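J.: let's see this in three dimensions:
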Amino acid sequence: MKARTFDYIIVGAGSAGCTLANRLSADANNRVLLIEAGPPDRNPYIHLPVGFAKLTGTAVNWGYSTVPQPNVDGREMWYPQGRVLGGSSSINAQVYTRGHPKDYDEWTSADGCVGWSYKDVLPYFRRAEDNESFSNEYHGTGGPLGVSDQISPHPITKVFLRAAQEVGLPFNPDFNGSRQEGCGLYQVTQRKGRRCSTAVGYLKPVLHRPNLTLLTDVHTTRILIEHERAIGIELVYASSRQRGSLHADREVIVTAGAIGSPKLLMLSGIGPADELKAVGVASTHDLPGVGRNLQDHMDVYAINELTGDHSYDKHLKPHKQVWAGIEYLLFRRGPVASNLAEGGAFWFADSQARSPDIQFHFMVGSGLEHGVEKLENCGVTLNSAFLRPRSRGSVRLRNADPFTHPLIDPNYWGDPYDRKISIEGFRIARRIMASPSFKPFVLAERLPGPQAQTDQEIAAYARKFSKTDYHPVGTCKMGVDEMAVVDPSLRVRGLRGLRVCDASVMPRLVSSNTNAATIMIAEKAADHILGKV
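T.: Alright, predicted model coming up:
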């Protein structure tokens, strides 16, 4: 290790942490430490786009599950979050979407987050991007994050695009441009046919900087607070189980995600004082909003069996896998270059919605995600997710042991409106799959199957088979009310030298995948920390 004292200690080397490490260490006078609880990103599946199918399990994952969900048949749902260098940007489906401009405008108008409107955050989206196709008022080039078109989308994905248009969804070449609604091919966080996580795009090109230190396989157990100021951290080294502490002269910056960040704050005594006392944690700073306001997208999906080998499922056969590997090695194309969620759409389930409230991910196979049923023959999956849930959940400590998983309660379908719109979104998904373009390719819907027709029957199916869309946010929310954890500069309220800069600060969930928004938050946070805004 280069030093025991740093200017900035960043806890969590995920989407936000790697971004901040790059930006803060650009000034050679800043001594920056980045700490990751998980291992380096050496797992080969991380860097192959198709590897997403192998990464929602336990390999580089925290292994979280929710508490029993009372509105979803009491199920304890699998809850993947990346535990590896790059965090969830190393294990996600690489879909690059930002949400709707009105999402960010509401952060300002409804939540008091001045400086976070769409016009304020758009420059940070553009600064992050190295977009291979677009360079305009919405998109940037030359940034650390590779954003690319699909290299060789599967023919069945193009069938999906025609089918969506047949039921009224217009084609949209850019979900992050002048409008969000419609169907299209997703742009992806890839560069030259390989995943571009924030570890790859932001961190590794600057690891040579002498003022930047990276520690992996190191678990941060507590933030040290003295006189209402964060002065450092306590940690445990995985290899030796040795405990230690490190000092931050300027700031401790928590970037451990919507689950890890509130957990670390609460373990440090920062959170609802009565709750902390009940699990044996002494309160250092009573902040009732820590761990509250959890929001997530829940997927309700339809799986259809195909009439032939029309999806990537055929490549599960050994000889097909060999050919796919050769094609990728020689030409950087084919199944291995696919993120598996090649196409999608944004549309309206509630006719009164201010902007699209349903997102679809078209998966070119069945059983591609942990816990999702695999058909015996070739299939495809269409995921539908309600984008603006009214339900709010929580993250709480189970006990005072830093190695114990927290109690994660997304409170899915806690508000009846969420159930209503989820069902309507699923009906739209079914109409797409039943459209004329799919008729030569679809043999039958297998999940839920024709027996689920009424709202009650669809709801019963969803309670049994729905899953997370991997988009938890909000548990250290930004704002100005009494439940806000950080102010609009992302400083923890009532403490000095401590910020939270990741998806947990979103006051409300964006209407899309969350990785791009998390990177934007870190880009903007860097300017706040460096005094540029």
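J.: buried residues, the helix or strand bottoming out on mean pLDDT in the chain. List them.
T.: Every helix and strand in the chain was compared by mean pLDDT, DSSP states H and E; the lowest is helix 318-331, with a mean of 86. Residues Ala324, Glu327, Tyr328 are the ones in helix 318-331 that count as buried (16 or more other CB atoms under 10 Å). Heads up, the C-betas are built off the backbone N, CA and C, glycines and all.
J.: got CSV for those residues, with distance to Gly168 too?
T.: CSV is the format used below for the buried residues of helix 318-331 (distance: CB to CB, whole Å):
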residue, distance to Gly168
Ala324, 35
Glu327, 36
Tyr328, 36
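J.: which stretches in the stretch 351-500 of the chain count as strands?
T.: Along the stretch 351-500 of the chain, the segments classed as strands by DSSP state E, counting those that start in this stretch run 358-363, 379-386, 393-396, 407-409, 442-447, 467-468, 498-500.
J.: any idea which of the ones you listed gets closest to Leu20?
T.: Between Leu20 and those, the tightest spacing by CB to CB is seen for strand 498-500, at 9.5 Å.
J.: so which elements touch the closest one?
T.: Using 3 or more CB pairs under 8 Å, 6 or more residues apart in numbering; DSSP states H and E as the contact definition, the elements that strand 498-500 packs against are strand 243-254, helix 515-529.
J.: on that earlier part again, by contact count, what packs against the least confident helix or strand of the chain?
T.: Contact partners of helix 318-331 among helices and strands, from 3+ CB pairs under 8 Å, 6+ apart: none.
J.: beyond it, next helix or strand please.
T.: Once the chain leaves helix 318-331, the next helix or strand it forms, by DSSP states H and E, is strand 343-347.
J.: show me what that next one pairs with in its sheet, parallel or antiparallel.
T.: The pairing partners recorded for strand 343-347 under DSSP bridges are strand 182-185 (antiparallel), strand 358-363 (antiparallel).
J.: which residues touch Asp409?
T.: For Asp409, the contact set (CB atoms under 8 Å, 6 or more residues apart in numbering) comprises Thr66, Val67, Gln69, Leu294, Gly393, Ser394, Val395, Arg396.
J.: so which residues of the stretch 151-300 of the chain form helices?
T.: With DSSP state H, counting those that start in this stretch as the criterion, the stretch 151-300 of the chain has helices at 155-166, 198, 257-267, 273-278.
J.: ranking those by burial, who's on top?
T.: For these, ranked by mean neighbour count under the definition mean count of other CB atoms under 10 Å, the leader is helix 198 at a mean of 32.
J.: that older thread, tell me which of the helices and strands packed on strand 498-500 is the most buried.
T.: Comparing the helices and strands packed on strand 498-500 by mean count of other CB under 10 Å gives helix 515-529 as most buried, with a mean of 25.
J.: what is the mean pLDDT for that one?
T.: Regarding helix 515-529, the rounded mean pLDDT is 98.
J.: mind saving the C-alpha coords of it as CSV?
T.: Provided in CSV are the C-alpha atoms of helix 515-529 (Å, rounded to 0.1, in the frame of the first residue of the first chain):
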residue,chain,number,x,y,z
ASN,A,515,-26.5,2.0,-14.9
ALA,A,516,-26.2,5.1,-17.1
ALA,A,517,-27.9,7.3,-14.5
THR,A,518,-25.5,6.0,-11.8
ILE,A,519,-22.5,6.9,-13.9
MET,A,520,-23.9,10.3,-14.5
ILE,A,521,-24.4,10.8,-10.8
ALA,A,522,-20.8,10.0,-10.2
GLU,A,523,-19.6,12.3,-13.0
LYS,A,524,-21.6,15.2,-11.4
ALA,A,525,-20.5,14.3,-7.9
ALA,A,526,-16.9,14.6,-9.0
ASP,A,527,-17.5,18.2,-9.9
HIS,A,528,-19.2,18.9,-6.6
ILE,A,529,-16.3,17.4,-4.7
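J.: for Arg222, give its distance to Gly57.
T.: From Arg222 over to Gly57 the distance is 30 Å, taken as CB to CB, to the nearest Å.
J.: measure how buried Gly474 is and give me the count.
T.: Gly474 is flanked by 26 other residues according to other CB atoms under 10 Å.
J.: who touches it in this structure?
T.: Residues near Gly474 by CB under 8 Å, 6+ apart: Ala258, Asn293, Leu294, Gln295, Arg392, Ala503, Ser504, Met506, Pro507, Arg508, Leu509.
J.: okay, now the fourth one: neighbour count?
T.: In other words, Gln295. When neighbours are defined as other CB under 10 Å, Gln295 has 25 of them.
J.: then the fifth one?
T.: When neighbours are counted by other CB under 10 Å, Arg392 registers 16.
J.: so it touches Asp296, yeah?
T.: No: counting by CB atoms under 8 Å, no contact exists between Arg392 and Asp296, whose distance comes to 10.2 Å.
J.: ok, now which ones touch His47?
T.: With contacts defined as CB under 8 Å, 6+ apart, His47 is in contact with Asp41, Arg194, Arg195, Val200.
J.: cutoff 6 Å now
T.: Contacts of His47 were listed using CB atoms under 6 Å, 6 or more residues apart in numbering, and they are Arg194, Arg195.
J.: quick one: it from Arg388, how far?
T.: As for His47, its distance to Arg388 is 34 Å (criterion: CB to CB).
J.: again with Gln180
T.: In this structure, Gln180 and Arg388 are 13 Å apart, going by CB to CB.
J.: can you check Ala128 too?
T.: Distance check for Ala128 against Arg388: by CB to CB, it reads 24 Å.
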